[in-house]
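Provide a 3D model corresponding to the input given below.
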Amino acid sequence: MNLDIDILQRFLAAIAIGLLVGIERGWRERDAGAGQRTAGIRTFTLSGLLGGVFGAIAKSLEDVVGGGIVIAVGVFAYTAVFATFRFREVVDEDSYGVTTVVAAIATFALGVYAMVGDPILAAAIGVVVTIVLAVREPLHGWLTKITWLELRAGLVLVTMTLLALPLIPNESYGPFGGVNPREIWLLAVVLAAVSFAGYVAVKILGNSRGLLVASAAGGLVSSTAVTADLSRRAGKSRGNNDLLAAGITLASAVSYLRALVVVAALNPLVGIQAAAPIGAAILIALAVVFFYARRGMQSRSGVEFHLSNPFSIKDTFGLAILLGVVLFATEAIAEWLGPRGALVAAVVAGTATVDAAAFSMARLARDTITPAAAALGVMLAIGANNALKLVIGLTRAGRPCALALTLGLVLPVAAGLAVAAAMIGMADGL
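The predicted model follows:
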């Protein structure tokens, strides 16, 4: 008898899914005595295996309808038995939790899918299920710290985007290559979502997780806002100046990484060219962070950023308009003045937002400038943005932080521009 390796691998995937979920459920119920819980590691592992068995039976049938009926009967019977025992448990505990039942059904269903569908995808979804189950406390903590107005803004924006996106024109309008409304709106929503993730992280971290961690999270929202807030604190002597300067530098480093992700997603060729200069800037920034953070670790001051919710309709509309204006302006300047004019436009755009400059450089690299020149444009935009942050920092923090801010905001840009210039072959790449 020949062993069917494919079937064996599918069964192993089904078992692995059940084992993974079972470990999480078993750990959570580890204090319960024998016979006092509905399911643990063994039950969930067998649930995944049982799902695989029903999937194998259905797959062996030539009749697709008959196979579907077998799976439906299996899911119904399994759910009925499991829910019955779980009901007895929640009555005894006087609770209303249904998560274990849903997890069990998902385990069984993924066991079926591992057999009849893509086992790798089934295993990946099993990992996601386990992660969702494991992060119950952080998720509940997030809900307690996010206000209803903040949550509503995000829900309305996502709903509006999903409903409106098919209706937004997907073609370019205007001269100089035009502006694509759907492309701009989708990018604006994605950027707002990334900023919102950082905003949520800052609210969850608060004082207890430390200035540097909160600064990194704040850099996803707005490194300029982090600079303004920490500089104000330094100017009022409300914290250790070395740590505050390290926080500003770290928030800026995160913004460099965000710009690289944006440009790489829009134009991978520019992303490849920009990886080295932006990577150099990040490494130098992290070195400065390490130096000043180490000096300031004796004072473990916390920080709370007062950031506005970036995931709102008003702010996202504003970002979309800014992206459209910057894109049109840079393409117009590139048309009138050539590639060097586009780099000048990148500097101007960078003072407002690096994301808009990265967007325009990625677009121009498709047919107007080389990817290397576009990467240089992104670094110039970062430099312009850092110049603005340096002015804000020096104005608010004053002389005590002058050296640290200069090193943290100027050295990374200098390193990045040097690498970009070397890659572009000086003026030959323009």
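
just checking, next helix/strand downstream of the strand or helix carrying residue 106?
Element membership for residue 106, per DSSP states H and E: helix 99-116. Counting by DSSP H and E, the element after helix 99-116 in chain order, helix or strand, is helix 119-134.

Dump that following helix to CSV, restricted to CA.
What follows is helix 119-134, C-alpha atoms only, in CSV (Å, rounded to 0.1, in the frame of the first residue of the first chain):
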residue,chain,number,x,y,z
PRO,A,119,-3.5,23.4,4.2
ILE,A,120,-0.9,26.2,4.4
LEU,A,121,-3.7,28.8,4.3
ALA,A,122,-5.6,26.9,6.9
ALA,A,123,-2.6,26.7,9.2
ALA,A,124,-2.0,30.5,8.7
ILE,A,125,-5.6,31.2,9.7
GLY,A,126,-5.2,28.9,12.7
VAL,A,127,-2.2,31.0,13.8
VAL,A,128,-4.4,34.2,13.5
VAL,A,129,-7.1,32.5,15.5
THR,A,130,-4.7,31.7,18.3
ILE,A,131,-3.2,35.2,18.3
VAL,A,132,-6.7,36.7,18.6
LEU,A,133,-7.5,34.4,21.5
ALA,A,134,-4.2,35.1,23.2
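
Please determine how far residue 224 is located from residue 373.
26 Å (C-beta to C-beta, to the nearest Å). The way it works is simple: take the backbone N, C-alpha and C, and place the C-beta from them, glycine included.

What's the local residue count around the closest residue to residue 388 other than its chain neighbours?
Nearest non-adjacent residue to residue 388, counting by C-beta to C-beta, 6 or more residues apart in numbering: residue 351, 5.2 Å away. Other residues lying near residue 351 total 16 when counted by other C-beta atoms under 10 Å.

wait, isn't residue 351 in contact with residue 385?
Yes - between residue 351 and residue 385 there is a contact at 6.4 Å, judged by C-beta atoms under 8 Å.

Please report how far residue 84 lies from residue 54.
19 Å.

And for residue 283?
Residue 283 sits 53 Å away from residue 54, going by C-beta to C-beta.

between the two, which one's more packed in?
Higher neighbour count among residue 283 and residue 54: residue 54, with 25 against 13, using other C-beta under 10 Å.

Mind listing what's buried along the helix or strand hosting the more buried one?
Taking DSSP H and E as the criterion, residue 54 maps to helix 41-60. For helix 41-60, the neighbour count (16 or more other C-beta atoms under 10 Å) marks 41, 43-59 as buried.

And for stretch 58-72?
Per 16+ other C-beta under 10 Å, stretch 58-72 contains these buried residues: 58-59, 67, 70-71.

end to end, how far does it reach?
With C-alpha to C-alpha, to the nearest Å as the measure, stretch 58-72 spans 10 Å from end to end.

Make 38 the starting number, not 1.
All set: I'll call the first residue 38, so the last point we hit is now stretch 95-109.

domains in this protein, as residue ranges please.
42-171, 178-466 (automatic domain parsing).

Quick one: residues contacting residue 252.
By C-beta atoms under 8 Å, 6 or more residues apart in numbering, the contact set of residue 252 is 263, 267, 283-285, 287-288, 340.

hmm, I was thinking of residue 421
Contacts of residue 421 (C-beta under 8 Å, 6+ apart): 383-388.

out of the residues you listed, who has the most neighbours?
Top of the contacts of residue 421 by neighbour number is residue 383, holding 31 neighbours under the definition other C-beta under 10 Å.

Quick one: residues contacting the nearest residue to it once chain neighbours are set aside.
Using C-beta to C-beta, 6+ apart and skipping the chain neighbours, the partner closest in space to residue 383 is residue 414 (3.8 Å). Counting by C-beta under 8 Å, 6+ apart, residue 414 makes contact with 379-380, 383, 394, 397-398, 401, 406.

Isn't residue 433 up against residue 266?
No - checked against C-beta under 8 Å, the pair residue 433 and residue 266 is beyond contact range at 9.1 Å.

in the stretch 338-467 of the chain, which ranges drop under the pLDDT threshold?
The stretch 338-467 of the chain contains residues with pLDDT under 70 at 338-353, 356, 360, 364, 367-377, 461-467.

shouldn't residue 447 be in contact with residue 419?
No - the pair residue 447 / residue 419 is not scored as a contact, 11.4 Å apart, by C-beta under 8 Å.

quick one, which of these two is more surrounded?
Neighbours were counted for residue 447 and for residue 419 using other C-beta under 10 Å; residue 419 has more, 30 against 16.

what helix or strand is the more buried one on?
Counting by DSSP H and E, residue 419 is part of helix 408-434.

Which residue, other than its chain neighbours, is closest to residue 304?
Computed as C-beta to C-beta, 6+ apart, the closest residue to residue 304 that is not its neighbour in sequence is residue 399, at 3.9 Å.

Tell me who's in contact with the one you found.
Counting by C-beta under 8 Å, 6+ apart, residue 399 touches 299-300, 303-304, 307, 411.

between those, which is closest to residue 204?
Comparing the contacts of residue 399 against residue 204 with C-beta to C-beta picks out residue 303 as the nearest, at 22.9 Å.

Tell me the spacing between the closest residue to residue 59 other than its chain neighbours and residue 167.
Spatial nearest neighbour of residue 59, excluding adjacent residues (C-beta to C-beta, 6+ apart): residue 81 at 3.1 Å. Separation of residue 81 from residue 167 (C-beta to C-beta) stands at 10 Å.

Show me the common contact partners of the two, please.
Applying C-beta under 8 Å, 6+ apart, one finds that residue 81 and residue 167 are jointly contacted by residue 58.

just for the stretch 38-187 of the chain, where's the confidence low?
Counting by pLDDT under 70, the stretch 38-187 of the chain has low-confidence residues at 38-40, 65-76, 127, 129-134, 174-183, 185-187.

at 90 what do you get?
38-47, 55, 57-81, 95-108, 111-112, 115-142, 153-157, 163, 165-187 (pLDDT under 90).

Quick check: residue 419 touching residue 390?
No - using C-beta under 8 Å, residue 419 is not in contact with residue 390; the gap is 11.0 Å.

Extract the CA atoms of the strand or helix carrying residue 448 and return them as CSV.
Using DSSP H and E, the element containing residue 448 is helix 439-461. The C-alpha trace of helix 439-461 is given here as CSV (Å, rounded to 0.1, in the frame of the first residue of the first chain):
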residue,chain,number,x,y,z
ALA,A,439,20.7,72.1,21.2
LEU,A,440,23.6,69.8,20.7
ALA,A,441,21.5,66.6,21.2
LEU,A,442,18.8,67.8,18.8
THR,A,443,21.3,68.9,16.2
LEU,A,444,23.1,65.6,16.3
GLY,A,445,19.8,63.6,16.3
LEU,A,446,18.2,65.5,13.4
VAL,A,447,21.1,66.6,11.2
LEU,A,448,23.6,63.7,11.3
PRO,A,449,21.1,61.1,10.0
VAL,A,450,20.1,63.3,7.1
ALA,A,451,23.7,64.0,6.2
ALA,A,452,24.5,60.3,6.2
GLY,A,453,21.4,59.5,4.1
LEU,A,454,22.1,62.3,1.6
ALA,A,455,25.7,61.2,1.3
VAL,A,456,24.7,57.6,0.5
ALA,A,457,22.0,58.8,-2.0
ALA,A,458,24.4,61.1,-3.7
ALA,A,459,27.0,58.3,-4.1
MET,A,460,24.3,56.0,-5.5
ILE,A,461,23.1,58.5,-8.0
